[in-house]
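> any chance you could fold what I've pasted below:
(chains A and B)
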Amino acid sequence: MQVKKLLLLGVLCIQAIFTSAQEKKSSLGGQVRTSTGAAIPAATIRLQNSRYGTVTDAQGSYKINDLKPGSYVVHVNAIGFKPEKKEIRLVAGETGTLSFSLEESAEQMETVNVIGRTKAQEVNRQAFNVTAIDATKLYNTTLDISGALDRVAGVRVRESGGVGSNFNLSLNGFSGSRIRYFIDGIPMDNFGSSFQINNIPINIAERVEVYKGVVPMWLGSDALGGAINIVTADRYRNYADVSYSYGSFNTHRSVVNAAATHKNGLTLQLSAFQNYSDNNYKMDILAADIYTGQYNQGKTIRRFNDTYHNETVIANVGVLDKGYADKLLFGITLGQNYKEMQTGARPEAVFGAMHRRGNIIMPALKYKKKDLIPGLDVAVNANYNLGYEQNIDTVNARFDWYGTSKPIGTSGERSRTLAKYKNHNGLGTAMFNYNIDANQSIALSNVYNTFDRTAKDELNPASAENERKKKLNKNVTGLGYSYNVADKWSATAFGKMLYQKAVYGSPQPGLTKFGYGTALTYFLNRNLQFRGSYELSNRLPEAQELFGDLENQEGNPNLKPEGSDNVNLGVIYTFNLNRVHNFSLTANGIYRYARDFIFSRYNLNQTKLVLDNKAGVSTIGGDAELRYAYKNWLSAGATMTYQYLKNLEEYVYDTQTSTYVSSPVYLDQMPNIPYLFGNGDISVFLKDIGKKGNNLSIGYNLLYVHAFWLYWPSLGTASAAQKNEVPQQFAHDVNLVYSMAKGRYNISLEARNITDVALYDNFALQKPGRGFYLNLRYFINKHQFKND
Amino acid sequence: MKTKFTKALAALAFAAVLASCSKKKDIEVVPENPGNFILAVTPVASTGVADYLVTASSLDTGKVSIVGNGTEQDGTYRYYVTANNKFFSMLYGQGNPGAVTAYNIVDGKLNKLTNFVTETVQAFAPVKDDILLVKVPRTISATGTTNALWYRVNTTSTSIAAEGTLNATEPTGNGEIAHFSWIRQIGDKVWAPFFGIKNSSFHTDYPDYAGIAVYSYPGMQLEKVIKDTRTSFIGRYFTDGLGVVENSDVYAFSSSVAVNSGVLTSTKPSAITRIKAGTTEFDLSYFLNFEEVSNGHVITNWLYIGGNKFIAHMEPKATRGAYKAGIRLAILNVVDRTVNAVTGFADPATISSITTNNYTPKDGRYGYVGVNLTDGTTWVYKIDASNATATKGLKVEGGKITAIQHLQ
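Predicted coordinates:
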């Protein structure tokens, strides 16, 4: 039913588009190069006396569509170069070509590398507290998205093990579903386990944007503490990028990204990736004998039931740069994952056969058009996930760390099950942006979500819980206004209306919440930017939280939405010394006040987790990032994050008496949350090594996390001998990348955790030791304006 | 150049000021209280809850606090038992194996002896030199026998010395699982009073009989099932319904809380029964209708303090339930057949819960019971059986008492 509705919506949209595309338009494109022929990225193109403009891409190319035929004066500006202008007359229905060759200006030659902004740096200049990762710089690594995010100030990704393991990303202290994920602005809620940030390779993305605390309205969602937006590569019309890596713990990863576009605009885009790992790394744990229960001292044990693999293909077919659409794509995401489970919450609970599976079958529609009518940009997306998730626990045995087992009872390793469920999740988003004039714009967005779970368990066919109806519809509407004076200041204000209706057995009362926010930025001069933002954000309970996960979590249909006041203040300052030492400093201060905080506790008979609301938590913190570059061959940086999460729950619900009693940990620091952590990195780029056009880069990355208590800091004797502590982490990674033929062939070698220390993100759950990975990558791009 | 540095420093300072705006609250610091009593305390908090073990030199007076004091346990839902002068802290691991830590007391302080791993179980008790643990199934197997598992943990070597299975449906003889309410060493046998269950909701079709399964030890062979139709089952979930007095007579209590389809179904009263020393049959000449002698209460737990006297926990019959722990105390003399309500104890309206793992020197007179009040304060009450009075003793700060134990 939902599919039909969505398809109908798509058809209607397309018809509307076709009827409006009557007038024949022209377009303009070209290349911007240096006097020696090298591409100039991030050069600004402006059409005099019009709203039109753009920025050149990494190859120095630009294109502007939907221009009225006529004469234009085209201005080009690039930092480090003298500005230039040219005139052109555009004929109806044709593409005009205008290329530039800019003269270098002696003034700021050496700083070009730092100041010439990439798209990622442009994003960082928004009024929001946002950090964009330029993913293209990480293409020769074996990182997945979560690994790249772990290097951002204010972000901490906690993993329970190796490839594909459970992860929990925290952003300024908020974690779990308080943070929402998007791919090209489309919410990833309920994409299932087969398509998550811990299995999407960084190569899929062009950049990853991290919005902290205040989430722009065009990411229409109910994020409470921030949002991660993965922007996929729309880089080239015709290209292939293939990589394969092999490394420790029998880890194989492959990524294929390719696109082919015909002159008439017909395009085929393909992304495919695969991860496989045995995750059979050694652990320093004390392994107990299943017969005596006694620990064997001083041994290291290999994990044996932790194989993970996933395979995903995303294919899109459609048209580009048509009068009715800049982009109209029909696509499908097909993927599956298999994950063995080695332990429970503590390594004393060892599993030898338990595993889970899931898949994703998701048709999607994407439509985008700038200037549908002059000034109006439209984007429409729709998708529907037909995938399932399944837990498999059928072996009635107890395992130990040596892989030996003994039969036990009849209830599996934990709870005998073959529970399989489908969430039938549909999503439709529409985004309209109207540019009133060169400075002002209004935006309207709407995101609609459906969820309808069906579950069955052939081992427990009579389960009443599986029979119960579980449906959820959610709608988020946003309206925003922006005023922007380029490189001077900008301001934006927005409001959001959230609505949710659940059916849990019987229909539950609907929920409506309002949120609003504002973001301001001011450029004191070209190098110094101040920004501040505020949002009253809301998060509606998720389907999983209302209905449970059929495994460890019970549903709580009475869960209330969470709300939070989020404040950010920040400053970005760039400067150089003697024109060769380039610095950039970003510092942010944050404050959060969350109410009706959703947390999990054990249910009454302590067999499952159940979610509940608690009074509140406040966070005060700050993060800073300093980057340094020497000429264009050395780059170094450091980030540091401090956050203090305070428990504001003065009275706590006592389940024994159903009354509220005063809490002994009121105003204490929240436990089991890293509060001081940072990253450091240094890389050198050596050009023309071995042969002209062959480059070598050597990089080092350090991760530091201060030790933190597992339970409340104020309780118990404050010593590591008497309290449970997650120890300090120092992880050192190094990598070496050799690229040949201007980046067509790349070989890289990575060594992770080179000191081979025991690393823990979570109490007692050790992460992999030293590992080596070899990565081979081939990249070819046939550029449209190659021969102009 | 200079101004650029100043600006950079100003920005850093701005970040540092924001980062350092944290403030600690002021809390009165209660010093350590070294001694041979061990109290397990659970803080009242909605997340991040772990138990803390603190020592005390006396239960009669003074103060202990888990704020800044105590040995943190990994999580709550732990169970504590003393055997062979060792204190065992066991995790109830949600169906999975969990770590056990053993302690003794050295110079008034807890001293960690060893860690080992055992299963999550439903009944455990010292038997001879061991702690016997039994894991009881909750669903009846569609095919084959439904087995309970037992583990024998040697308290000297602190390791599992042996393990085996029991046919869990054999004691009831009616197809239901005999869910042990608790286990206890009687003579050189293990007695396991049980309640029948037909599913994981603990429903039963047979609410009107009491049964005790008698096992050999250490072989754990079922030797006999002692049955009595004068009461409902003996003990409760996780509650020892047996008491052994000085002449070795065994007394048993029934709460009369058998449930089917969510409703109480037993027609028998809450009562005390007896099995004479050396015999394995209920003494039909002895029956104490607890509801009558206590003016309409059921007994939900007890602590034997010696001299045929028990401190009984009671709940009015009208509000009884399978998991409703009584918060009223009485002195029960099983030989005199008397029940005297304890005076001076906290008003039930002010009680949040009372501890069920309590201490007595077994002198026939005193017992110590942990009380968690609704105002958030927690006390050990000293009960004097000689005049059925209670007085406030040791104050505990930061959480609820879950166990009071004593080591030499």
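> do you know how far the residue lying closest to B:Gly364 once chain neighbours are set aside is from B:Gln185?
Once flanking residues are discounted, B:Gly364 sits nearest to B:Gly307: 2.8 Å by Cβ to Cβ, 6 or more residues apart in numbering or on different chains. Placement of C-beta: from N, CA and C, glycine included. Separation of B:Gly307 from B:Gln185 (Cβ to Cβ, to the nearest Å) stands at 21 Å.
> point to the residue nearest the middle of chain A.
Nearest to the mean C-alpha position of chain A, counting by Cα atoms, centre = their mean, stands A:Ile228 at 4.0 Å.
> pick out the least confidently modelled helix or strand of chain A, by mean pLDDT.
helix A:112-115 (a mean of 38; mean pLDDT, DSSP states H and E).
> give the next helix or strand downstream of it.
Downstream of helix A:112-115, the next assigned helix or strand under DSSP states H and E is helix A:119-124.
> what are the buried residues along that following helix?
Across helix A:119-124, burial judged by 16 or more other Cβ atoms under 10 Å in any protein chain shown covers A:Lys119, A:Ala120, A:Gln121, A:Val123, A:Asn124.
> switch these over to a markdown table; also include pLDDT and distance to chain B.
Output for the buried residues of helix A:119-124, formatted as a markdown table (pLDDT from 0 to 100; distance: Cβ to the nearest Cβ, whole Å):
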| residue | pLDDT | distance to chain B |
| --- | --- | --- |
| A:Lys119 | 73 | 25 |
| A:Ala120 | 75 | 21 |
| A:Gln121 | 76 | 18 |
| A:Val123 | 80 | 20 |
| A:Asn124 | 78 | 15 |
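> widest-spaced pair of these?
Among the buried residues of helix A:119-124, the pair separated by the greatest distance (Cβ to Cβ) is A:Lys119 and A:Asn124, at 10.0 Å.
> now the common contact residues for those two.
A:Ala132 (Cβ atoms under 8 Å, 6 or more residues apart in numbering or on different chains).
> can you classify A:Gln544 by secondary structure?
helix (DSSP: H, G, I helix; E, B strand; the rest coil).
> what's the local residue count around the residue nearest to B:Glu32 when sequence neighbours are not counted?
In this structure, B:Glu32 finds its nearest non-sequential neighbour in B:Asn69, 5.5 Å apart by Cβ to Cβ, 6+ apart. Applying other Cβ atoms under 10 Å in any protein chain shown, we find 24 other residues in the vicinity of B:Asn69.
> shouldn't B:Asn69 be in contact with A:Gly716?
Yes: using Cβ atoms under 8 Å, B:Asn69 is in contact with A:Gly716, at 6.9 Å.
> need the overlap of contacts for the two.
B:Tyr52.
> now do the same for B:Arg78: its pLDDT.
Reported pLDDT at B:Arg78 in the predicted model: 87.
> contacting residues for it?
B:Ala40, B:Asp51, B:Ser89, B:Met90, B:Leu91, B:Tyr92, B:Thr402.
> swap in A:Tyr700?
A:Asp681, A:Ile682, A:Ser683, A:His732, A:Asp733, A:Val734, A:Asn735.
> what count of nearby residues applies to the closest residue to the first one other than its chain neighbours?
I take that to be A:Asp681. Spatial nearest neighbour of A:Asp681, chain neighbours left out: A:Asn701 (4.6 Å); criterion: Cβ to Cβ, 6+ apart. A:Asn701 is flanked by 20 other residues according to other Cβ under 10 Å.
> quick one: A:Asn701 and A:Asp733 touch, right?
Yes: judged on Cβ under 8 Å, A:Asn701 makes contact with A:Asp733 at a distance of 4.5 Å.
> could you list the low-pLDDT ranges of the stretch 101-250 of chain A?
By pLDDT under 70, the weakly predicted segments of the stretch 101-250 of chain A are A:105-118, A:233, A:235.
> most proximal residue of it with respect to chain B?
A:Ala153 (10.2 Å; Cβ to the nearest Cβ).
> quick one, helices of the chain?
Using chain A here. A:2-20, A:112-115, A:119-124, A:145-149, A:464-467, A:543-547 (DSSP state H).
> let me rephrase: I mean chain B.
Using DSSP H, helices in chain B cover B:2-19, B:290-293.
> residues in contact with the last one?
Residues from elsewhere that reach helix B:290-293, judged by Cβ under 8 Å, 6+ apart: B:253, B:269-272, B:297-299, B:312, B:317, B:332, B:337-339.
> what do you get if the cut-off is 6 Å, keeping everything else the same?
B:Pro269, B:Ser270, B:Ala271, B:Ile272, B:Ile299, B:Lys317, B:Val339 (Cβ atoms under 6 Å, 6 or more residues apart in numbering or on different chains).
> out of the residues you listed, the closest to B:Val134 would be?
B:Ile299 (23.5 Å).
> surely the closest one meets B:Tyr251?
No: with contact defined as Cβ atoms under 6 Å, B:Ile299 does not reach B:Tyr251; the gap is 11.0 Å.
> between those two, who's got more neighbours?
B:Ile299 (28 against 24).
> and the more buried one, what does it touch?
Contacts of B:Ile299 (Cβ under 6 Å, 6+ apart): B:Phe253, B:Ser270, B:Phe290, B:Ala312, B:Met314.
> distance to A:Pro347 for those - can I get that in JSON lines?
JSON lines is the format used below for the contacts of B:Ile299 (distance: Cβ to Cβ, whole Å):
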{"residue": "B:Phe253", "distance to A:Pro347": "41"}
{"residue": "B:Ser270", "distance to A:Pro347": "45"}
{"residue": "B:Phe290", "distance to A:Pro347": "47"}
{"residue": "B:Ala312", "distance to A:Pro347": "43"}
{"residue": "B:Met314", "distance to A:Pro347": "44"}
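> what about those, which one has the most neighbours?
Most surrounded of the contacts of B:Ile299: other Cβ under 10 Å gives B:Phe253, at 31 neighbours.
> what about whichever residue of the stretch 501-650 of chain A sits closest to chain B, how many residues nearby?
Nearest residue of the stretch 501-650 of chain A to chain B, counting by Cβ to the nearest Cβ: A:Gly589, 3.2 Å away. Neighbour count of A:Gly589, defined by other Cβ under 10 Å: 23.
> go on, the one 10 residues further on?
By the criterion of other Cβ under 10 Å, A:Phe599 has 16 neighbours.
> what of A:Asn250?
12.
> then the one 10 residues further on?
When counting by other Cβ under 10 Å, one arrives at 14 neighbours for A:Ala260.
> apart from its chain neighbours, what residue comes closest to residue 404?
As the question left the chain open, I've gone with chain A. A:Ile290 (6.5 Å).
> hm, I was asking about chain B
Using Cβ to Cβ, 6+ apart, the closest residue to B:Ile404 is B:Tyr359 (4.3 Å).
> which of the contacts of A:Tyr700 ranks first by neighbour count?
Counting by other Cβ under 10 Å, top hit in the contacts of A:Tyr700: A:Asn735 with 22 neighbours.
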